[in-house]
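Colleague: coords please:
(chains A and B)
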Amino acid sequence: MLNTKKFLRFISFSTAIVFFAGIVLVCIAATLNAAEQVPTPGTIVKRGVPWVNTTKFKKNPPWVIGYSNPSLSNEWRVYMVELMKYYAKQNPNLVKALHVTDSEDNPVKQIADTEDLAVKGIDILLSSPATPAANPGQEAVFRKGKPVVQFDRTGGTEEYTCTQLTQEVEVGRMLTEWLVKAIGKKGNIVVFSGVPGGWPSEGRLMGMRQVLSKYPDVKIVGGPVYTFWSMATAKKAMEDWIAGIPKIDGIWSDSGMMAKPAMEAWLEAGRKPIPTVGDCFNGWMKMWKTKKLPAYGTTNVPLFCGVLAMKAAFSILSGEPVPRSSEYNVYEITDENLDKWVRMDLSDAYFSYDSVPGFFQAPEELKKKLFSLK
Amino acid sequence: MKSEGMTSIVAERAQRRTENQRNVMSFLQAYGLWVVIILLLVAAAVITPGYLKPSKLMLLLRQAAPLGIVALGQLFVILISGIDLSVGQVMSMTSVIASGIIMGEQNRILPAVAVVVGLAAASGFMNGIIIAKRRVEPFVMTLAMMVIIQGFHWNYSKGANMAYVPPGFRQLGLGYIGPVPTPVIIWAFLSVVAAVVLYRTPFGRRIYATGGNRVAARMSGVSVDLVTVIPYVLCALSGVLAGLISLGYVSVGDSRTGMGYELGSIAAVVIGGASLAGGRGKISGNIAGVLILTLINSLLNAFGALWFVIQIVRGAIIIAAVAWYVRSRV
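Modeller: Numbers count the residues shown, from 1 in each chain, chains lettered A, B, ... in the order given. Coordinates of the predicted model:
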């Protein structure tokens, strides 16, 4: 006859063993996964972001990598691609070929470029959509089963393996918070931006507007003017504002490429410097240092973002898990640490957020080759 | 009798009204652009009193000067029923290559200028000779040249340009001769020279003849091919000069210098009354077209108008100008 008490004791004991064994196994699995789940250096992964299992993409190296580049229309992008090529050369056993396109900021052309890359037989696509209109190219490659690393900018699509982005909205917030405090939380500011519809420009403006909504006494009296990163356009707009707007207390620019000519126009008009924000564009930082301007900057999109995208590509093609999304670290540039960022021996075109300590150092010979003053 | 008298008075009044209307139309046709400029300046003065200070007006003219110089070259091309889409990239090429050669050294200015003048003249010559001899459509030829020049200066700089020019060079873009900015003096001088060439020289008459009726011009003994080549070379050289002035203005080479100047110069020429079919156009109209475009852009910027609004207004002005000239010629 079955002893009920003994039976119940057995069931309880077994259940407890299974339960605790399960906990132990889950902890071990988490520990093992945690050991593999290392964010790419130079990026942060927010809590709760899932990691993507990439074992189905595993393939023996060397690999063919394609980068659908929105444009080479400015010095930043050119340097970024050169760093990617340098990194590819440093890893010849991993990279068979690196194909980079240039869609000249045209999303329709970028779709065609992405299709061309797919035809070339790439193993992985790196993608920076010019605008959301360029998404179909990336989506088509992803739907065909190829892994996609979306980085530097987003078109709003979810069809990618992993994404690495600048905290554009946070950049906009940081710049605006400093500027608002610098002008005493009230006054008139003028605003410069880059390319309309592009996420770097629109994201930063979004951050700006979020902060300004808390300070009703700070008014935008000029712009945003989209300069397409042209210094002459920025300078002309500033001259027009100086002529037509009686009082300007601060200059908001998401790039030193506009902050520099704007401040130049301001000083040529015989005005005293006013608080201005920008980024790690060397021409702007040199002016900031030599003229001792009241200024502030952020590091915006890192020049090594293409290198990080390639690092993620290596992980994916090796079957290692990658975070679904990660973000680049953003640093402040202030009077106190300006000397760490500015390079007086290099030309204006240099952007100084180009290295990750301990992981990737932009080669000095490449900097001299591209940005030498002589 | 009384009714006949009434009828003749009414008829007289109608006739006088028609004559007045014709006079007004003639006046507007001749001076309409300048009326628009004056109205814009009056509006600016009312809304922003400080806008009409002489120093501010000089700044406005300085902003207009590069476009004005390019528009002069573009006018010559349009007069012979051509078009030059490559002039904007000539400006950018000038900015990049000149600054790359100068690299902050005063003694490298002349060699740099010689190089960019040579390159631009070659591109203008290629445009002109292929259009003249091979009968390639000017739109297609100059579009292709635009792409070639862009690739050329990007390859030269690898996109990482922004070399410096010395302070002396900056006088070209920022200097003054008396109270007048140097670029404005240059623009005024070139406008006078262009007017003399077009209105007082046989070459000028040949330009109008070729643009008016190419076949008749050829049969009259005009060397139509030569008359086709020279304006393209002049247009390219105007791009070089505008590029050098812009380089002095911002002090560093910039591959975006000429952005929008090809379409801006065409718009200025068209607003100024020139016909894209060729054979019609005046220097004074050209200057007025440049001033209107610059004034609209500057005023809307000064008043804080959104970028998109400025683009729409510019497009609307071009349509209005073209529609006006087509109507007045019918």
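
Colleague: okay, CA-based contacts and neighbour counts for the rest of this
Modeller: Will do.

Colleague: So for stretch A:51-67, mean pLDDT?
Modeller: Rounded to a whole number, the mean pLDDT of stretch A:51-67 is 94.

Colleague: An error on my part: the question was meant for stretch B:49-67.
Modeller: In this model, stretch B:49-67 has a mean pLDDT of 87.

Colleague: Quick one: distance of that stretch to the chain centre.
Modeller: Relative to the centre of its chain, stretch B:49-67 is centred 17 Å away, using CA atoms, centre = their mean, to the nearest Å.

Colleague: same check, this time on stretch B:126-138
Modeller: Its chain's C-alpha centre lies 22 Å from the corresponding centre of stretch B:126-138 when counted by CA atoms, centre = their mean.

Colleague: Need the residues that contact it.
Modeller: Applying CA atoms under 8 Å, 6 or more residues apart in numbering or on different chains, the external contacts of stretch B:126-138 come out as B:82-84, B:141-142, B:145, B:224-225, B:228-233.

Colleague: Go again with 10 Å.
Modeller: The set of residues external to stretch B:126-138 that reach it, using CA atoms under 10 Å, 6 or more residues apart in numbering or on different chains, is B:77, B:81-86, B:120-123, B:125, B:139-145, B:224-233, B:236.

Colleague: Looks to me like A:Gln150 is in a helix.
Modeller: No: membership of A:Gln150 in a helix is not supported by DSSP: H, G, I helix; E, B strand; the rest coil, which gives strand.

Colleague: mind listing what it touches?
Modeller: Applying CA under 10 Å, 6+ apart, one finds that A:Gln150 lies in contact with A:67-68, A:125-129, A:138, A:157-165, A:309, A:325.

Colleague: 7 Å - rerun?
Modeller: For A:Gln150, the contacting residues are A:126-128, A:160, A:162-164, taking CA atoms under 7 Å, 6 or more residues apart in numbering or on different chains as the criterion.

Colleague: And the furthest pair within the residues you listed?
Modeller: When CA to CA is used, the two most widely separated members of the contacts of A:Gln150 are A:Ser128 and A:Cys162, lying 12.2 Å apart.

Colleague: Surely A:Gln164 is in a strand?
Modeller: Yes: residue state for A:Gln164 (three-state DSSP) corresponds to a strand.

Colleague: Out of the contacts of stretch B:126-138, which end up buried?
Modeller: The neighbour-count criterion (16 or more other CA atoms under 10 Å in any protein chain shown) marks B:77, B:81-86, B:120-123, B:125, B:141-143, B:145, B:224-225, B:227-233, B:236 among the contacts of stretch B:126-138 as buried.

Colleague: List the ones among those residues that fall in helices.
Modeller: Within those, membership in helices is found for B:77, B:120-123, B:125, B:141-143, B:145, B:224-225, B:227-233, B:236, as judged by DSSP state H.

Colleague: Check what contacts the longest strand seen in chain A and list those residues.
Modeller: Ranked by number of residues, the top strand in chain A under DSSP state E is strand A:218-226. If you take CA under 7 Å, 6+ apart as the criterion, strand A:218-226 is touched by A:185-196, A:212, A:241, B:304-307.

Colleague: Pull it out as CSV, backbone CA atoms only.
Modeller: Output for strand A:218-226, consisting of C-alpha atoms alone and laid out as CSV, is shown next (Å, rounded to 0.1, in the frame of the first residue of the first chain):
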residue,chain,number,x,y,z
VAL,A,218,15.0,81.2,-24.6
LYS,A,219,13.8,81.9,-28.2
ILE,A,220,15.1,80.7,-31.5
VAL,A,221,15.2,83.9,-33.6
GLY,A,222,17.0,82.5,-36.6
GLY,A,223,16.9,79.1,-38.3
PRO,A,224,17.2,76.2,-38.2
VAL,A,225,19.1,76.8,-41.4
TYR,A,226,20.2,73.7,-43.2
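
Colleague: how far out from the middle of the chain is it?
Modeller: With CA atoms, centre = their mean as the basis, strand A:218-226 stands 24 Å off its chain's centre.

Colleague: Stretch A:358-371 now?
Modeller: Stretch A:358-371 has its average C-alpha position 19 Å from the chain's average C-alpha position, going by CA atoms, centre = their mean.

Colleague: Show residues contacting that stretch.
Modeller: For stretch A:358-371, contacts defined as CA under 7 Å, 6+ apart pick out A:41, A:83, A:346-347, A:349-350, A:354-355, B:160.

Colleague: Residues of chain B that sit close to chain A?
Modeller: B:48, B:51, B:56, B:63, B:103, B:159-163, B:250, B:256-257, B:298, B:301-307 (CA under 7 Å from any CA of the partner chain).

Colleague: let's see it at 8 Å
Modeller: B:48, B:50-51, B:56, B:59, B:63, B:103, B:158-164, B:246, B:249-250, B:254, B:256-257, B:298-299, B:301-307 (CA under 8 Å from any CA of the partner chain).

Colleague: Where helices are concerned, which of those count?
Modeller: The subset of the residues of chain B next to chain A located in helices under the criterion DSSP H comprises B:56, B:59, B:63, B:246, B:249-250, B:298-299, B:301-302, B:307.

Colleague: Going along the chain, name the helices of chain B.
Modeller: Ranges of helices within chain B are B:2-47, B:54-79, B:87-102, B:109-134, B:138-157, B:167-174, B:182-200, B:202-212, B:214-219, B:224-250, B:261-271, B:283-302, B:307-329, based on DSSP H.

Colleague: Likewise for the stretch 1-150 of chain A?
Modeller: Chain-ordered helices for the stretch 1-150 of chain A, with DSSP state H, counting those that start in this stretch as the definition, fall at A:4-36, A:75-90, A:107-119, A:135-143.

Colleague: Distance to chain B, mean neighbour count and mean pLDDT added to these, as TSV?
Modeller: Shown next, in TSV, are the helices of the stretch 1-150 of chain A (distance: least, CA to the nearest CA, whole Å; neighbours: other CA atoms under 10 Å in any protein chain shown; pLDDT from 0 to 100):
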stretch	distance to chain B	mean neighbour count	mean pLDDT
helix A:4-36	39	11	70
helix A:75-90	5	19	91
helix A:107-119	15	20	90
helix A:135-143	24	20	92
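
Colleague: now these in JSON lines, with distance to A:Ser372?
Modeller: Output for the helices of the stretch 1-150 of chain A, formatted as JSON lines (distance: least, CA to CA, whole Å):
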{"stretch": "helix A:4-36", "distance to A:Ser372": "41"}
{"stretch": "helix A:75-90", "distance to A:Ser372": "13"}
{"stretch": "helix A:107-119", "distance to A:Ser372": "32"}
{"stretch": "helix A:135-143", "distance to A:Ser372": "36"}
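
Colleague: shaky segments in the stretch 51-200 of chain B?
Modeller: Counting by pLDDT under 70, the stretch 51-200 of chain B contains low-confidence residues at B:158-162.

Colleague: ok, and the most crowded of the ones in helices among the residues of chain B next to chain A?
Modeller: Tallying neighbours with other CA atoms under 10 Å in any protein chain shown puts B:Ser246 at the head of those, with 29 neighbours.

Colleague: That one touches B:Gly173, doesn't it?
Modeller: Yes: with contacts defined as CA atoms under 8 Å, B:Ser246 counts as touching B:Gly173 at a distance of 6.1 Å.

Colleague: which residue is nearest the middle of chain B?
Modeller: B:Ala71 (1.5 Å; CA atoms, centre = their mean).

Colleague: Tell me who's in contact with that one.
Modeller: Residues in contact with B:Ala71 (CA under 8 Å, 6+ apart) are B:265-266, B:268-269, B:286, B:290.

Colleague: what's the pLDDT at the residue nearest the centre of chain A?
Modeller: Note on chain A: the residue nearest the mean C-alpha position is A:Thr166, at 3.0 Å, using CA atoms, centre = their mean. On pLDDT, A:Thr166 comes in at 87.

Colleague: Tally up the residues packed near the closest residue to B:Ile185 other than its chain neighbours, please.
Modeller: Setting aside the residues directly before and after it, B:Ile185 is nearest to B:Ile177 in space (CA to CA, 6 or more residues apart in numbering or on different chains), at 7.8 Å. B:Ile177 has 11 neighbours, counted by other CA under 10 Å.
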